[in-house]
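# need a structure here:
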Amino acid sequence: MLFIAYADGGLSSEIRAGENRGVRLAHEHMVRDFRRAGPPDAQGRVSAHESFARPREPGVAPAVVALVQRSSNGDVLQTATLPLDGCGSN
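Numbers count the residues shown, from 1 in each chain. Have a look, this model is predicted:
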């Protein structure tokens, strides 16, 4: 199975309740959108064309992450990350 994610970093959140109230947490490699690509063809190839909208609150390190997982047991076979630094805002 092929999964594609839009991830980002340089994000933070202010905790407003609980034991960490008032603490500011930093978030890196945060998955903002996650999708499963179509099934493989007869030769085991997967082709995917995805578009991700930039979040209303973008971070500073956007990237697209591809993850290949064995469907029978969930083993992750391969991952690849494509940083989007310098890419247009479209």
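# Out of all residues in the protein, which is the farthest from the middle?
Among the C-alpha atoms of the chain, the one most distant from their mean position (C-alpha atoms, centre = their mean) is that of Glu19, at 28.8 Å.
# Poorly predicted segments of the protein, please.
The chain contains residues with pLDDT under 70 at 86-90.
# all strands in it, in order from the N-terminus.
For the chain, the strands defined by DSSP state E cover 2-8, 11-14, 24-27, 30-36, 63-69, 76-83.
# want to try JSON lines for the ones you listed, with mean neighbour count and distance to Arg45 as columns?
Yep, even glycine has a C-beta here, placed from its N, CA and C like the rest. Conversion of the strands of the chain to JSON lines gives the following (neighbours: other C-beta atoms under 10 Å; distance: least, C-beta to C-beta, whole Å):
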{"stretch": "strand 2-8", "mean neighbour count": "19", "distance to Arg45": "10"}
{"stretch": "strand 11-14", "mean neighbour count": "12", "distance to Arg45": "35"}
{"stretch": "strand 24-27", "mean neighbour count": "10", "distance to Arg45": "34"}
{"stretch": "strand 30-36", "mean neighbour count": "13", "distance to Arg45": "16"}
{"stretch": "strand 63-69", "mean neighbour count": "16", "distance to Arg45": "12"}
{"stretch": "strand 76-83", "mean neighbour count": "10", "distance to Arg45": "14"}
